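Asks: Return a 3D structure for these sequence lines:
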Amino acid sequence: MSDLSKVRNIGISAHIDSGKTTLSERILYYTGKIHAIHEVRGKDGVGAKMDSMDLEREKGITIQSAATYCTWGDYNINLIDTPGHVDFTVEVERALRVLDGAVLVLCSVAGVQSQSITVDRQMRRYSVPRLAFINKCDRQGANPDRVADQLREKLSHNPAFVTYPIGLEDKLNGVIDLVNMEAVYFEGEGGSDIRKEGIPSELEGKAKDLRHKLVEVAADFDDELMEKFLMDEAIGADLLNRAIRKGALSLQMTPVFCGSAYKNKGVQTMLDGVVSFLPEPAEVKNEALDQDKNEAKMTLANDPSKPLVMLAFKLEDGRYGQLTYMRIYQGTVKKGDSIINIANGKKLKVPRLARMHSNEMHDIEEAVCGDIIAMFGVDCASGDTFTDGNVRYSMTSMFVPDPVIELAVSPKDKTGQVNFSKALNRFTKEDPTFRVMRDEESGETIIKGMGELHLEIYIERIRREYSTEIIVGRPKVAFRETISQRSDYNYTHKKQTGGSGQFGRVGGYIEPLPADAVETYEFVDEIVGGVIPREYIPACDKGFKEAVVEGSLIGQPVVGVRVILNDGAQHPVDSSEMAFKTAAIMAFREAYSSAKPTILEPIMKLEVSAPEEFQGTVIGQINQRRGVIMGTESDAGYVTVESEVPLSEMFGYSTDLRSVTQGKGEFSMEFAKYQPVPRNIQEEMVKEYQKKRAEGK
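Replies: Coordinates of the predicted model:
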């Protein structure tokens, strides 16, 4: 295992239903990790190896990213199969954070879909080199050329076919290897016997054109190849492979492979591509922040003899306690070693090291940089960095999106309270996008997440894994409040009681932040001449911060606001931090009501795909839900409608869509932005909130 050039850490990610889990299943079969193939929605009731949760098997979707390892030739591949559903997007973020390369799976009929775009954006965020696998070439309407065009147009990739199907739909026989210019057929049980021969005569012309294009794209990355290409000389496979690899690693070229995982065709050639074109750990630049040097950026060395640095990127509750998935970036870790959690400084012993094969564990004695392993009995949170104590480095954290939907939940009977709390504690630790809070007014427990399915799965898991029945309230959307104009404030807080009183005056104005601002609140201190003493300025900031937690329209957080403090007054005896904090809270409330406050609602990007005959009905449904159609596209008898719809109007949409499209309509939805609710709806919401408050009193 010490030869790092023979290690590949890859992830498989794509739009839901593109066949990622089926592809992972075939990879495990061809690499000898499993000896029988089971389908995702298999009739045999076994389910895919990588979908180890019962829920995943029932719904036929991947919920948690599963980790496994396998060998292909003399290469070790650490593989993570990630979910395609947007509600589990953090699982994809988490996997891409620790992977060196990725396979973007696309359906040869549907092509680049909304979630493919999201996944691609995530890959770019972490600069992950990728190759594309156009799957399902056996399906009716398969068109790999169109998918390659979409890669170029929709995702701005620079794609080039490395393999191309021999025949399409039910005539798919094998693939053409365009580097070696030969036909590859997959025969025998499960397609594991590979036969190579000359390219069928009717495809020779097409193959020559595609190879010419491949050489043309790859020539940009290798001078020797460029020279031969311009001189029209013969180009060998080694030289071409070298150039494709350079292009893929620079993220400026996407090698494209074709096949059908379900029909066992083209997976082995794609695996060859993984080891040929995706990076080894040493070729990836990994940075950490040095805590001893004011978070200065450090490039980690892929060297087993250097101090240990590893990242806990995923937690799971296993049979024997918490299972922590770790990616080692530098150094070596052995069973029994002492490691330190940089987040809290705690020191602990490594009790047990394992390599994961979905939900099975294979014990190992040691692991080196470049490896992905699992540990037991290591108490930590997702995203914590561990070292051996010689350095204090922290890996940069992952991007975690804010939740957009919330539900009030409670256990059905009091006896379930302990298990209910246990479950919520565990899930918040495992999943940073799943949040739990207590509503002080109603005393309810509120869970927040990325979508209906996200919360539905967790509620179902509490029922099954913790045998606790749950009462679920109506889903609530995470509204926000903001201001739409500048408003001045000048507030004096004075209170005279027996003994010393309270006094503090604050003056200034509030204004909306620019639309592209990253922060939701900004405090600007423009006090001159010490009218408010320096030591009281933080108390003013604290007061304003407290005031924006709850707006006066519907009691939701206020965002997009800048508070400028430029005037004030103090009293030599009666002024205190408390007095200025209270003055700030009251001043904000006063200014807020005259700053034209508005309610903001989350707007979702909705993509619906359905047979063309239902186009009118689908669009009608979206319009009824206050949706704005952004565009429609027809292809192969199906229409895809892209729109932006308020989340509050989307409850129960899946049932409605299914009923009007005879069960053939599919949709995917992700958060796009916040925007003001229409005036009439705002007035209704404010009325309802005030009525509730009056009743509460």
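Asks: surely Ser410 meets Thr445?
Replies: Yes - between Ser410 and Thr445 there is a contact under C-beta atoms under 8 Å: 6.1 Å. (Each C-beta comes from the backbone N, C-alpha and C, glycine too.)
Asks: and the two? which has more neighbours close in?
Replies: More crowded of Ser410 and Thr445, by other C-beta atoms under 10 Å: Thr445, with 18 against 15.
Asks: and the longest strand for this protein?
Replies: strand 597-611 (DSSP state E).
Asks: List the buried residues of it.
Replies: 597-610 (16 or more other C-beta atoms under 10 Å).
Asks: From those residues, pick the one nearest Arg124.
Replies: When these are compared for distance to Arg124 (C-beta to C-beta), Lys605 wins out at 17.8 Å.
Asks: pretty sure Val477 contacts Ile603?
Replies: No - Val477 lies out of contact with Ile603 (C-beta under 8 Å); the separation is 10.6 Å.
Asks: so what sits against both of the two?
Replies: Pro646, Leu647 (C-beta atoms under 8 Å, 6 or more residues apart in numbering).
Asks: Dump the strand or helix carrying Leu289 to CSV, restricted to CA.
Replies: Per DSSP states H and E, Leu289 falls inside strand 287-290. In CSV, the C-alpha atoms belonging to strand 287-290 read as follows (Å, rounded to 0.1, in the frame of the first residue of the first chain):
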residue,chain,number,x,y,z
GLU,A,287,-4.1,23.0,1.9
ALA,A,288,-4.6,23.4,5.7
LEU,A,289,-4.6,26.4,8.0
ASP,A,290,-1.8,26.6,10.6
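Asks: next helix or strand past it?
Replies: strand 296-299.
Asks: could you say what helices and strands the helix or strand following that next one packs with?
Replies: Later in the chain than strand 296-299, the nearest helix or strand by DSSP H and E is strand 309-318. With contacts defined as 3 or more C-beta pairs under 8 Å, 6 or more residues apart in numbering; DSSP states H and E, the packing partners of strand 309-318 are helix 89-98, strand 321-330, strand 385-387, strand 393-395, helix 417-430.
Asks: what do you get if the cut-off is 10 Å, keeping everything else the same?
Replies: The helices and strands touching strand 309-318, judged by 3 or more C-beta pairs under 10 Å, 6 or more residues apart in numbering; DSSP states H and E, are strand 66-72, helix 89-98, strand 321-330, strand 353-357, strand 372-376, strand 385-387, strand 393-395, helix 417-430.
Asks: coming back round to it: residues in contact with the strand holding Leu289: which ones?
Replies: Contacts of strand 287-290 from elsewhere in the structure, counted by C-beta atoms under 10 Å, 6 or more residues apart in numbering, are 295-300, 309, 311, 329-330, 342, 385, 387, 391-397.
Asks: these two touch, right, Val549 and Pro557?
Replies: Yes - Val549 is within contact range of Pro557, at 5.9 Å (criterion: C-beta atoms under 10 Å).
Asks: Among the two, which residue is more densely surrounded?
Replies: Shown here are Val549 and Pro557; by other C-beta under 10 Å, Pro557 has more neighbours (16 against 11).
Asks: State the pLDDT value of the more buried one.
Replies: Looking at Pro557, its pLDDT stands at 89.
Asks: Can you tell me how far it is from Pro676?
Replies: 15 Å (C-beta to C-beta, to the nearest Å).
Asks: One more: Glu444?
Replies: 28 Å.
Asks: Restricting to C-alpha, output stretch 455-469 in PDB.
Replies: The C-alpha atoms that make up stretch 455-469 are tabulated as PDB, following Å, rounded to 0.1, in the frame of the first residue of the first chain:
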ATOM      1  CA  LEU A 455     -37.000  15.700   6.900                       C
ATOM      2  CA  GLU A 456     -39.400  12.800   5.900                       C
ATOM      3  CA  ILE A 457     -36.400  10.400   5.800                       C
ATOM      4  CA  TYR A 458     -35.200  11.500   9.300                       C
ATOM      5  CA  ILE A 459     -38.600  11.100  10.800                       C
ATOM      6  CA  GLU A 460     -38.900   7.600   9.200                       C
ATOM      7  CA  ARG A 461     -35.400   6.800  10.600                       C
ATOM      8  CA  ILE A 462     -36.500   7.800  14.100                       C
ATOM      9  CA  ARG A 463     -39.500   5.500  13.800                       C
ATOM     10  CA  ARG A 464     -37.400   2.600  12.600                       C
ATOM     11  CA  GLU A 465     -34.000   2.900  14.200                       C
ATOM     12  CA  TYR A 466     -35.300   4.200  17.600                       C
ATOM     13  CA  SER A 467     -38.700   2.600  17.700                       C
ATOM     14  CA  THR A 468     -40.300   5.900  18.500                       C
ATOM     15  CA  GLU A 469     -43.600   7.100  17.000                       C
END
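Asks: Just the buried residues of it, please?
Replies: For stretch 455-469, by 16+ other C-beta under 10 Å, it's Leu455, Glu456, Ile457, Tyr458, Ile459, Arg461, Ile462, Glu465, Tyr466, Thr468.
Asks: cool, and stretch 677-697?
Replies: Neighbour-count burial for stretch 677-697 [16+ other C-beta under 10 Å]: Val677, Gln682, Met685, Tyr689.
Asks: which of those residues lies closest to Val217?
Replies: Looking across the buried residues of stretch 677-697 and measuring by C-beta to C-beta, the closest to Val217 is Val677, at 48.1 Å.
Asks: show me the contacts for the closest one.
Replies: Counting by C-beta under 10 Å, 6+ apart, Val677 has contacts Phe479, Ile554, Thr598, Ile599, Leu600, Glu601, Arg626, Pro646, Ser648, Glu683, Glu684, Met685.
Asks: okay, it: pLDDT?
Replies: 92.
Asks: cool, Val628 as well?
Replies: Reported pLDDT at Val628 in the predicted model: 93.
Asks: Please apply the same query to Phe503.
Replies: 90.
Asks: so the host helix or strand of it versus strand 597-611, what angle?
Replies: Of the helices and strands defined by DSSP H and E, Phe503 is found in strand 502-512. Angle, strand 502-512 to strand 597-611, by axes from the mean of the first three to the mean of the last three C-alpha atoms, to 10 degrees: 40 degrees.
Asks: Could you list the low-pLDDT ranges of the stretch 301-450 of the chain?
Replies: Within the stretch 301-450 of the chain, the stretches with pLDDT under 70 are 317-321, 356-360, 396-401, 440-442.
Asks: same deal with the stretch 501-650 of the chain?
Replies: Counting by pLDDT under 70, the stretch 501-650 of the chain has low-confidence residues at 636.
Asks: what about the helices in it?
Replies: 537-547, 577-593, 615-624 (DSSP state H, counting those that start in this stretch).
Asks: Deepest in the core, which of these is it.
Replies: Highest mean neighbour count among the helices of the stretch 501-650 of the chain (mean count of other C-beta atoms under 10 Å): helix 577-593, with a mean of 22.
Asks: so what does that helix touch, helix or strand wise?
Replies: By 3+ C-beta pairs under 10 Å, 6+ apart, helix 577-593 packs against strand 480-483, strand 487-495, strand 502-512, helix 537-547, strand 561-569.
Asks: I'd like those laid out as CSV, including distance to Tyr325.
Replies: Conversion of the helices and strands packed on helix 577-593 to CSV gives the following (distance: least, C-beta to C-beta, whole Å):
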stretch, distance to Tyr325
strand 480-483, 34
strand 487-495, 50
strand 502-512, 43
helix 537-547, 36
strand 561-569, 40
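Asks: Just the buried ones from the contacts of strand 287-290?
Replies: Buried, going by 16+ other C-beta under 10 Å: 298, 300, 309, 311, 329-330, 342, 385, 387, 391-396, out of these.
Asks: Format the helices of the stretch 501-650 of the chain as a markdown table; extra columns: distance to Ala367.
Replies: Output for these, formatted as a markdown table (distance: least, C-beta to C-beta, whole Å):
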| stretch | distance to Ala367 |
| --- | --- |
| helix 537-547 | 44 |
| helix 577-593 | 51 |
| helix 615-624 | 51 |
